[in-house]
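Peer 1: I'd like to go over a predicted model; first the sequence, then the structure.
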Amino acid sequence: MVKIYTDKDASLEPIKDKTIAVLGYGSQGHAWALNLRDSGLKVLVGLEREGKSWEQAKKDGFNPMHTEDAVKNADIIIFLLPDMVQRTVYLERVKPHLRSGNDLVFAHGFNIHYRLIEPPKDVDVYMIAPKGPGPIVREYFVKGGGVPALVAVHQNYSGKALEKALAIAKALGATRAGVIETTFKEETETDLFGEQVDLVGGITQLMRSAFQVLVEAGYQPEIAYYETINEMKMIVDLIYEKGFSGMFKAVSDTAKYGGLTAGKYVIDESVKKRMKEVLDRIRSGEFANQWIEEYGKGAPTLVKGVQELENSLEEKVGREVREISLRGKPKS
Ligand SMILES: NC(=O)c1ccc[n+]([C@@H]2O[C@H](COP(=O)([O-])OP(=O)(O)OC[C@H]3O[C@@H](n4cnc5c(N)ncnc54)[C@H](O)[C@@H]3O)[C@@H](O)[C@H]2O)c1
Ligand SMILES: CC(C)(O)[C@@H](O)C(=O)O
Ligand SMILES: [Mg+2]
Ligand SMILES: [Mg+2]
């Protein structure tokens with residue numbers, strides 16, 4: 001059984017007198033800066049320029065500063081910038097000011113694993129990778145809980161890198177749930193795989209395809225939305241809390257039988273075969289190269305895909321239907 005670190009296995013001691021620079025104030029950045037500060041740590045927010053994130057950080061009571069200034073004043077530097085931005089910021093703003101004994105910290109292993117960032121030998125390099133979106137990392141913390149995370153050490157110059165990773169995980173709230181040790185390789189490859197075939201790519205495509213089939217067959221879009229998209233949350237909440245068997249216990253025998261038979265027909269071995277191809281492309285570095293190239297061209301596929309999604313019938317209908325279903329959701 002894998003070792004799961006919880007609050008009792010972690011102490012803030014190794015980082016309590018350190019200054020921490022959080023670079024970026026987006027999805028993860030705002031959650032980390034706020035959680036670490038609420039845990040009593042000294043946090044600076046470093047940003048490239050004044051703008052939306054800068055204003056938000058100010059509203060949240062930080063005194064945001066330019067990246068170099070945060071780096072010069074920090075012992076621990078946390079990269080919470082988009083993965084494609086981290087290399088340039090590292091080379092131009094972080095590396096020139098790095099001091100022996102600094103810590104470079106990541107929330108995802110992409111830049112280290114694919115060697116976009118190659119740190120000097122005299123710094124610690126480690127990761128705390130939350131297994132959930134940034135806003136939830138903040139929400140759970142505020143409510144007294146925490147989102148689970150993975151920790152990994154790439155370089156242990158001080159000999160204390162794991163203790164410090166666990167300390168940050170504790171300050172983030174992650175050890176209130178559970179933290180598992182991994183490697184940069186395992187985190188990077190599994191995280192990319194999960195978000196591509198399942199969490200972000202797979203689920204969106206599955207729900208949109210099911211919605212489109214019903215609408216194209218003449219059913220009302222609102223009914224199709226309730227059925228194929230809106231109810232997913234309740235089903236996934238049951239899986240989250242009680243596993244697949246718990247979810248199966250909550251649905252009818254008709255749904256069980258139909259689900260078992262049609263599910264395997266739709267998501268068949270050919271889907272698994274393509275999932276394996278996706279994993280191969282991640283492991284070989286082909287996906288990383290493709291994404292770097294796409295980003296270099298201004299990310300046209302990403303921009304077009306998001307626009308298409310935003311203008312889709314399912315999003316239009318969703319905006320109306322969500323108002324209705326959120327009205328019914330109990331406030332917690
Ligand atoms: N989003 C998540 O929930 C999530 C979950 C786990 C791990 N991660 C990892 O956390 C890291 C941060 O991801 P995120 O989704 O929070 O980032 P994000 O896209 O929300 O980051 C936005 C921040 O980066 C700044 N930024 C954006 N473009 C920039 C540019 N060109 N130059 C300089 N600064 C720029 C913005 O001002 C903002 O402060 C990544 O390594 C990601 O893989 C994210
Ligand atoms: C929240 C996710 C999908 O788990 C994360 O990996 C990301 O990249 O945003
Ligand atoms: Mg990810
Ligand atoms: Mg992830």
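Peer 2: Perfect, thanks for sending it. Ligands and ions are numbered 1, 2, ... in the order given.
Peer 1: I'd like the next helix or strand past the host helix or strand of residue 273.
Peer 2: Following DSSP states H and E, one finds residue 273 within helix 269-284. Downstream of helix 269-284, the first helix or strand assigned by DSSP H and E is helix 286-296.
Peer 1: now tell me what touches that next one from outside.
Peer 2: With Cβ atoms under 8 Å, 6 or more residues apart in numbering as the test, helix 286-296 has contacts from 84, 110, 114, 116, 192, 196, 278, 280-282, 300-302. (Each C-beta comes from the backbone N, C-alpha and C, glycine too.)
Peer 1: on that earlier part again, centre of the chain to the helix holding residue 273, how far?
Peer 2: 21 Å (Cα atoms, centre = their mean, to the nearest Å).
Peer 1: output that helix as PDB, restricted to C-alpha atoms.
Peer 2: Below are the C-alpha coordinates for helix 269-284, written out as PDB (Å, rounded to 0.1, in the frame of the first residue of the first chain):
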ATOM      1  CA  GLU A 269     -11.600  -1.600 -26.900                       C
ATOM      2  CA  SER A 270     -10.900   0.700 -29.800                       C
ATOM      3  CA  VAL A 271     -11.300   3.700 -27.400                       C
ATOM      4  CA  LYS A 272      -8.800   2.100 -25.100                       C
ATOM      5  CA  LYS A 273      -6.400   1.500 -28.000                       C
ATOM      6  CA  ARG A 274      -6.600   5.200 -28.900                       C
ATOM      7  CA  MET A 275      -6.100   6.100 -25.200                       C
ATOM      8  CA  LYS A 276      -2.900   4.000 -25.300                       C
ATOM      9  CA  GLU A 277      -1.800   6.000 -28.400                       C
ATOM     10  CA  VAL A 278      -2.300   9.200 -26.500                       C
ATOM     11  CA  LEU A 279      -0.300   7.900 -23.600                       C
ATOM     12  CA  ASP A 280       2.500   6.900 -26.000                       C
ATOM     13  CA  ARG A 281       2.600  10.400 -27.400                       C
ATOM     14  CA  ILE A 282       2.900  11.900 -23.900                       C
ATOM     15  CA  ARG A 283       5.600   9.500 -22.900                       C
ATOM     16  CA  SER A 284       7.700  10.000 -26.000                       C
END
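Peer 1: show residues contacting that helix.
Peer 2: 189, 192, 193, 196, 197, 286, 287, 288, 290.
Peer 1: in JSON lines: these, plus distance to residue 256.
Peer 2: Output for those, formatted as JSON lines (distance: Cβ to Cβ, whole Å):
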{"residue": "189", "distance to residue 256": "34"}
{"residue": "192", "distance to residue 256": "33"}
{"residue": "193", "distance to residue 256": "28"}
{"residue": "196", "distance to residue 256": "29"}
{"residue": "197", "distance to residue 256": "25"}
{"residue": "286", "distance to residue 256": "39"}
{"residue": "287", "distance to residue 256": "36"}
{"residue": "288", "distance to residue 256": "41"}
{"residue": "290", "distance to residue 256": "40"}
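Peer 1: great, nothing more from me.
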